[in-house]
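1. From the sequence below, what's the structure:
(4 chains)
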2 protein chains.
Amino acid sequence: MKPTVHDIAKIAGVSLATVDRVLNGRPGVRAVTKGKVEEAIASLGYVRDLAAANLAKSRTYSFVFILPANDNSFMIGLHEEVRGAIARSSADRSDIRIIDVPPFDAEALVMALESVLLDKPAGVAFVALDTPEVRAVTESLKQAGIPMVALVSDLPDSARDHYAGIDNIAAGRTAGSLLGRFLGGPFARDGEATVAVLAGSMLVRDHRERLEGFSAAISEAFPNIYILPVLEGRDDPALAETMISDALRRNRDIAGIYSLGAGNRGMIRAIQKAGVARRPIVIAHELTASTRSALSDGVIDAVLNQDAGHEVRSAIRVLKAKADGLPVIAAQERIRIDIFLKDNLP
Amino acid sequence: MKPTVHDIAKIAGVSLATVDRVLNGRPGVRAVTKGKVEEAIASLGYVRDLAAANLAKSRTYSFVFILPANDNSFMIGLHEEVRGAIARSSADRSDIRIIDVPPFDAEALVMALESVLLDKPAGVAFVALDTPEVRAVTESLKQAGIPMVALVSDLPDSARDHYAGIDNIAAGRTAGSLLGRFLGGPFARDGEATVAVLAGSMLVRDHRERLEGFSAAISEAFPNIYILPVLEGRDDPALAETMISDALRRNRDIAGIYSLGAGNRGMIRAIQKAGVARRPIVIAHELTASTRSALSDGVIDAVLNQDAGHEVRSAIRVLKAKADGLPVIAAQERIRIDIFLKDNLP
DNA sequence: CAATTTTTGAGGTACGTAAATCAGAATTTG
DNA sequence: CAAATTCTGATTTACGTACCTCAAAAATTG
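-> Take a look at the predicted model:
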């Protein structure tokens, strides 16, 4: 049988109350006695039964998710996953609340985080924006002992406890590597080719990192591939369509496109309308309804994806572990870059 | 507050004992009364507090993992992951036991499953072998109400409740697609190329399915790629080395290799020793120490991987859910085909 | 050494559910 | 309608931990 507090009391030769005082860090125990109790705990290999403890405390973990009220498929999906978790939350003693903030609005994010500071939840997950003000609030939250997880977009060198999202530099590198190799075929006259990059905004960290990785991988392995100046489509399908259409018209030998943000619907339309003889190799991010069908139809060649559901569930697991002071299983919480070809669509 | 059994009793106008009888399917309740209780449960949206219930029952979930005592890196890793789960098991009220069986020995597997039938655990996970006898035992286990999860290798059309492993046909297709496109570059004179396939054994379902997917993808998209007769290396590095060496010597224009089983260490050595002018494009399975370093060194071009840790944890989650009669989150339990290039190594 | 403070023990209640007992009520049977 | 049977209620204990109170013991102080 698993040892209980009663066993500790017996072995240490003290009363249950004393064991309780030691276990829960309550005052009124001499150092000697404390030592005896701790010795007994160690010798028995006692581990507190969390379920019983939570029951006794009638504890519920209250978590807050701060999400940008963006209207692209990915963010909508992220919202849905959090709502799914909320639906399941009663089963696992958690109580999850969503705070919507305007997208790309650091001030609003800071305000949301400050409001969180007041009702002291057991943990916060938020899609980070990389500004000094946001960093500063995380410090206050850290002071208040509230575990924080950065979701989807990281905030390095801050007080956040964990990042639940993909390695965007690696994602960019992978895209570059795939594009370079895929280009080898139809376009490799003498290995030279021109590729376009469509981003949302260079102000967002994820996009910057993806571009960085992409450029690095291309220049290292495919020196003869030329990358056109980045098109910033603001994650807006209409704008993306115009920009890609223009680019394809101006530069008829574009052999590849890397779309590292949202707004892929527009890009796909532009390619379909362009009607170029040899369609470019296209690599995009996020598996949505439109990228999925474009992949099936052969308009897109590969999709790099981050699984919003995994990110949300991982964030919750990590927050819970942090709230309980337990270690996280690192391998389980690594968010992976899914690579989808039309052959392995789920 | 969450409704409790006391609330149900109050609303339904019955005693706690009756509620308990209804909730736990004990006899001695008239249909009318049962109806009243169920109505109250529905109207309150009551959900049983599993933690409290398990505490009251002082329940522990006992699970059995039946694993082949194979000595390739993947199986060793799988063992380790299960042992890791055992180390963590005290925290989550589970008690996991490993039964080792000789590899590829259906009779031994059947005997192990029969032995499991006796001590009636809360669930069983096993690496399936595809024979009628194994199928038959799963029926007995089903009869006994023991949830079963097929691990790594599936047993379709059997009584197993779940499969915790990758879609091997999709994996094969993906390998074919990648190899075809990667070949485009250096070898695409006129799109013609010869590729070799190294398998463990065509008797194993996973390997058959991978080959099937691979061949299909190649013939559909790359009709000019010729696949040499399959080499069966029995997952043995030494044998694999000889076979690949021989193949490369006999057929100097091998442009690609798909290694869909184990024994990659040998294959890698063979390629390095061959010293062909233009080294073939290589796609292998399972990220191990040797495939990882070969990927870094550029000897292998892509590795398809199944994460043993995820498979084990998923199997446990599913078994627990089945034991509790709870639904599983399908998206969470889909085991993904990881595609690693040297750019996204974890 | 007496007075004070600190430490410890003993005991209880609570969390939400399971499971048991036993008496009493309702129903069915003969 | 009495007897047998089936249902139901009331109450209790237990699971492992948290948290509370009160009294007793031990240590410290003046």
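
2. Show the contacting residues for the closest residue to A:R59 other than its chain neighbours.
-> Nearest residue to A:R59 in three dimensions, chain neighbours excluded: A:R93, at 6.7 Å (Cβ to Cβ, 6 or more residues apart in numbering or on different chains). No exception for glycine: its C-beta is placed from N, CA and C like everyone else's. Counting by Cβ atoms under 8 Å, 6 or more residues apart in numbering or on different chains, A:R93 touches A:54, A:59-61, B:51.

3. Please flag which of those sit within strands.
-> If you go by DSSP state E, those have A:Y61 in strands.

4. Kindly indicate which of the contacts of A:R93 lies nearest A:S115.
-> Nearest to A:S115 among these is A:Y61, at 18.7 Å by Cβ to Cβ.

5. Wait, that closest one touches A:A323, no?
-> Yes: look at A:Y61 against A:A323 with Cβ atoms under 8 Å: they come within range, at 5.8 Å.

6. Common neighbours of those two, please.
-> A:122-123.

7. distance of the residue in the stretch 1-150 of chain A that DNA strand C sits nearest to from A:G13?
-> Residue of the stretch 1-150 of chain A nearest DNA strand C, by Cβ to the nearest atom of the strand: A:T33 (2.9 Å). According to Cβ to Cβ, to the nearest Å, A:T33 stands 9 Å off from A:G13.

8. what about those two, which has more around it?
-> A:T33 (17 against 11; other Cβ atoms under 10 Å in any protein chain shown).

9. if we can go back for a sec, distance to A:M243, pLDDT and neighbour count for the contacts of A:R93 - can I get that in TSV?
-> As requested, these are arranged in TSV below (distance: Cβ to Cβ, whole Å; pLDDT from 0 to 100; neighbours: other Cβ atoms under 10 Å in any protein chain shown):
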residue	distance to A:M243	pLDDT	neighbour count
A:N54	53	93	16
A:R59	52	91	15
A:T60	48	93	16
A:Y61	45	95	19
B:A51	54	92	19
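
10. Farthest pair within the contacts of A:R93?
-> In terms of Cβ to Cβ, those reach their longest pairwise distance at A:Y61 and B:A51, which sit 12.5 Å apart.

11. circling back: ok so the residue of the stretch 1-150 of chain A closest to DNA strand C is a helix residue?
-> Yes: assessed with DSSP: H, G, I helix; E, B strand; the rest coil, A:T33 lies in a helix.

12. does it really touch A:S15, like I thought?
-> No: in this structure, A:T33 is not within contact of A:S15 by Cβ under 8 Å, at 10.2 Å.

13. CA atoms only for the longest helix anywhere in chain A - export them in PDB, please.
-> The longest helix of chain A (DSSP state H) is helix A:168-187. What follows is helix A:168-187, C-alpha atoms only, in PDB (Å, rounded to 0.1, in the frame of the first residue of the first chain):
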ATOM      1  CA  ASN A 168       9.400  29.200 -35.500                       C
ATOM      2  CA  ILE A 169      13.000  29.400 -36.700                       C
ATOM      3  CA  ALA A 170      13.100  25.600 -37.200                       C
ATOM      4  CA  ALA A 171       9.800  25.900 -39.000                       C
ATOM      5  CA  GLY A 172      11.200  28.500 -41.400                       C
ATOM      6  CA  ARG A 173      14.300  26.400 -42.000                       C
ATOM      7  CA  THR A 174      12.200  23.400 -42.700                       C
ATOM      8  CA  ALA A 175      10.100  25.400 -45.200                       C
ATOM      9  CA  GLY A 176      13.300  26.700 -46.900                       C
ATOM     10  CA  SER A 177      14.800  23.200 -47.100                       C
ATOM     11  CA  LEU A 178      11.600  21.700 -48.500                       C
ATOM     12  CA  LEU A 179      11.100  24.500 -51.000                       C
ATOM     13  CA  GLY A 180      14.700  24.300 -52.200                       C
ATOM     14  CA  ARG A 181      14.500  20.600 -52.700                       C
ATOM     15  CA  PHE A 182      11.100  20.600 -54.300                       C
ATOM     16  CA  LEU A 183      12.300  23.300 -56.700                       C
ATOM     17  CA  GLY A 184      15.100  21.100 -57.800                       C
ATOM     18  CA  GLY A 185      12.800  19.200 -60.100                       C
ATOM     19  CA  PRO A 186      10.800  21.300 -62.600                       C
ATOM     20  CA  PHE A 187      12.800  24.500 -62.300                       C
END
